[in-house]
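[1] sequence and predicted structure below; questions after.
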Amino acid sequence: MGNPNVGKSVVFSRLTGVRVITSNYPGTTVGFTQGLMKIGEESVHIIDVPGIYSLEASSEAEKIALLIHDTGDRIINVVNAANLERNLYLTLQLLEKNIPVVVALNMWDDAQYRGIHIDLEKLRELLGVPVIPTVALTGQGIKELVENIPGAVVPAKSTRNHHERWVEIGRIIKLVQRISHRHRTMLERLADASVKPFTGTVLAAVVLTCAFLVIRFIGESLIDHVLDHFFKTFWTPVVLSISSFLGGAGVLHDIVVGHISGGEIHYIESFGLLTSGLYIPLAMVLPYIFSFYLMLGLLEDTGYLPRLAVLMDTFMHRLGLHGYAIIPTLLGFGCKVPAVLSTRILESKRERFIAATLISIAVPCAALQAMIFGLVGREGGQYVAVVYGTLFSVWIIVGIILNRMVKGFSPELLIEIPPYRLPTGRAILLKLWMRVRGFLIEAVPIILGAVLVINVMHVLGVFSAVASFTSPVITGILGLPSEAVTGLIVGLLRKDVALGMLSTLSMSAKQLVVSSVVLAMFFPCIAVFVMLLKELGVRNTMKSSGIMIAAVLITGGILNIIL
Amino acid sequence: MADNEKLLSLDRMQSGQSGVIDSIQGGYGLVKRLSTLGIRHDKRITKISSMFMRGPVTIEIDRVQVAIGFGMASRIMVKIDE
């Protein structure tokens, strides 16, 4: 346990070998993770929890930490050595409990670099528990920490009130800490500039534009020069021989290979398991997952995100949120499941409801965005711009409406801004690999399943039955071909497959724009829906869905009329 | 209060100005919450910046930066350095 952004998750990873997402902003961890480690012959459970400043919770994530802390036999209190004074408040509170504590004085290198000298012997003596200096990022001190876990003790019992704790901390700091003066570094000057109104806004515009351009560039290059090429050169002959093995036609052939004609494979439209089923996730979506999470990882680890939160705060208040809600929102551009989960960093139920609803309605995930770039982009960049412009307007308008409608008010921003750090290549790549791997093992099977379901439903004629039933809405209001309903249904499984399927309906550019917007806003895929139920509860998820349906029909209808 | 002591709320301070926190005009809850972030009576504080349109104020205490909403910032009274 420890304050936010002191490196608890990094220490945890070091101790257990369990990989967890780590970043340079308070509130990266919003749930708990368990791992095993060996101490001597014994296997022990280690639990990583969200950060807290004191044993009083102000957000959902902090409540989780508090619930867990009573259940442990021992507490490893991770402390930021560069900010000992403030961190000691929680340490003293923990020492007052009847649980043995060992203190990891993390970011030890950072403290030394900043000219902060801590007398370890004295600190051990004053706290009455083992204190181990560590640099979790490099692994320094972890071995000593492990050796000292069995030696954790409950110090002489004392209970203090709020005021007395600060008096005690003042006494300890006076005895153990010495600070030598030092000039401000380049990074610190940049840090100051990032939260000033003018330079900050310029910097944010530059950072976000660059991020967007780099994501497009890497994603596009991977598709054009690597993956598409691979499929056309190496995979096509394999599929063609399988096709002739299956007799070139029939139900099984259509499911496995899809519709191909004359030795040419149209990877998006054929819709077989081995064609579209693999091409969509691997050659269309994966490159963007890769490039998006690479950039997000960089933004997370440098420590830029909390600064963006400060800049966006005034604006976000109009949507009933405060600036920190920008973090779950940005995560949503990757995948909405972790995004909805991370709304736990927000303080009130009201904010969490608004943030989760806005994310599920107006933020397109990376998989869908990749397909929008791929399919709508073919018709021209202006159509992609219409899709994004519409979703952005929906985000703002729905936010303003929710802010007026939902009772209560949004609490004010109060966040710690971590120093800028140069991200390490290892940490960035590890995190990227975890997220890409997550996509490969979780999303690809679902995509294949979705393609299979589509084919089976098609054979059974389910879709045409539904299509005739829903056509008043689909055709009447949204102006889409009545079969488009099938795409919306498939969208419950995966948005990427759904848009791929819609693109086979030979729609006009306008219809493609409308269906992309509708698909982005209409029910989030089932994984997100389950997450919403878990995080918001049944009633609020229903409310959120009601708002969503109204928003989809209004937006789709308006687009249909004005385009 | 002596003449040479200037008391300002955090939102009215200039960027770059420093001082010592004199008082926090709020309930026990606010005082406690701010204190766990290092913002408490008698601490040296430097204002880094504030955003326009009553946006958050960024300060530095003990080499740590904290962003504070405008409303909260207006309740933190600081004794400005000469």
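    Cool, got the structure.
[2] please, where are all the strands along the chain?
    Going with chain A. When assigned using DSSP state E, the strands of chain A occupy the ranges A:33-39, A:42-48, A:75-80, A:101-106, A:116-118, A:131-133, A:177-179, A:414-417.
[3] my question was about chain B, not that one.
    Assigned by DSSP E, the strands in chain B fall at B:6-9, B:18-24, B:44-50, B:57-61, B:64-68, B:76-80.
[4] in TSV: those strands, plus distance to chain A.
    Heads up, the C-betas are built off the backbone N, CA and C, glycines and all. Rendered in TSV, the data for the strands of chain B read as follows (distance: least, C-beta to the nearest C-beta, whole Å):
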stretch	distance to chain A
strand B:6-9	15
strand B:18-24	13
strand B:44-50	4
strand B:57-61	4
strand B:64-68	4
strand B:76-80	11
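[5] redo the strands of chain A as JSON lines? Include distance to chain B and mean pLDDT.
    Formatted as JSON lines, those follow (distance: least, C-beta to the nearest C-beta, whole Å; pLDDT from 0 to 100):
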{"stretch": "strand A:33-39", "distance to chain B": "24", "mean pLDDT": "91"}
{"stretch": "strand A:42-48", "distance to chain B": "21", "mean pLDDT": "92"}
{"stretch": "strand A:75-80", "distance to chain B": "9", "mean pLDDT": "96"}
{"stretch": "strand A:101-106", "distance to chain B": "15", "mean pLDDT": "96"}
{"stretch": "strand A:116-118", "distance to chain B": "8", "mean pLDDT": "94"}
{"stretch": "strand A:131-133", "distance to chain B": "18", "mean pLDDT": "96"}
{"stretch": "strand A:177-179", "distance to chain B": "8", "mean pLDDT": "92"}
{"stretch": "strand A:414-417", "distance to chain B": "4", "mean pLDDT": "95"}
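[6] I'd like these as JSON lines, with mean neighbour count appended.
    Below are the strands of chain A laid out as JSON lines (neighbours: other C-beta atoms under 10 Å in any protein chain shown):
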{"stretch": "strand A:33-39", "mean neighbour count": "14"}
{"stretch": "strand A:42-48", "mean neighbour count": "15"}
{"stretch": "strand A:75-80", "mean neighbour count": "24"}
{"stretch": "strand A:101-106", "mean neighbour count": "26"}
{"stretch": "strand A:116-118", "mean neighbour count": "17"}
{"stretch": "strand A:131-133", "mean neighbour count": "23"}
{"stretch": "strand A:177-179", "mean neighbour count": "14"}
{"stretch": "strand A:414-417", "mean neighbour count": "24"}
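[7] those: which one's closest to A:Ile526?
    Distances from A:Ile526 to each of the strands of chain A were compared using C-beta to C-beta; the shortest belongs to strand A:33-39, at 23.8 Å.
[8] what lies in contact with the closest one?
    If you take C-beta atoms under 8 Å, 6 or more residues apart in numbering or on different chains as the criterion, strand A:33-39 is touched by A:9, A:12, A:15-18, A:20, A:43-48, A:146, A:149-150.
[9] now with 7 Å, please.
    When contacts are taken as C-beta atoms under 7 Å, 6 or more residues apart in numbering or on different chains, the neighbours of strand A:33-39 outside the stretch itself are A:12, A:15-16, A:18, A:20, A:43-48, A:146, A:149-150.
[10] got it, and stretch B:52-63?
    Taking C-beta under 7 Å, 6+ apart as the criterion, the residues outside stretch B:52-63 that touch it are A:82-83, A:85-86, A:114, A:195, A:197, A:310, A:313-314, A:323, A:413, A:417, B:10-11, B:38-39, B:43-50, B:65-70, B:73.
[11] now those: which count as buried?
    A:82-83, A:85-86, A:114, A:195, A:197, A:310, A:313-314, A:323, A:413, A:417, B:10-11, B:38-39, B:43, B:45-50, B:65-70, B:73 (16 or more other C-beta atoms under 10 Å in any protein chain shown).
[12] surely A:His162 and B:Lys32 touch.
    Yes. A:His162 lies in contact with B:Lys32 (C-beta atoms under 7 Å); the separation is 6.1 Å.
[13] how about low-confidence regions in chain B?
    Counting by pLDDT under 70, chain B contains low-confidence ranges at B:1-4.
[14] max-length helix in it?
    Secondary structure of chain B per DSSP state H: the longest helix is helix B:28-36.
[15] quick one: that helix to strand B:76-80, angle?
    Taking axes from the mean of the first three to the mean of the last three C-alpha atoms, to 10 degrees, one finds that helix B:28-36 is oriented at 50 degrees with respect to strand B:76-80.
[16] helix B:28-36 close to chain A?
    Yes. Under the criterion of C-beta under 7 Å from any C-beta of the partner chain, helix B:28-36 makes contact with chain A via B:Lys32, B:Arg33, B:Ser35, B:Thr36.
[17] residues contacting the third one?
    With C-beta under 7 Å, 6+ apart as the criterion, the residues that contact B:Ser35 are A:Trp166.
[18] find the centremost residue of the chain, please.
    Since no chain was named, I'll use chain A. In chain A, the C-alpha nearest the mean C-alpha coordinate belongs to A:Leu331, at 3.5 Å (C-alpha atoms, centre = their mean).
[19] actually chain B
    With C-alpha atoms, centre = their mean applied to chain B, the nearest residue to centre is B:Leu10, 4.1 Å.
[20] and that residue, what does it touch?
    B:Lys47, B:Val57, B:Ile59, B:Ala73, B:Ser74, B:Ile76, B:Val78.
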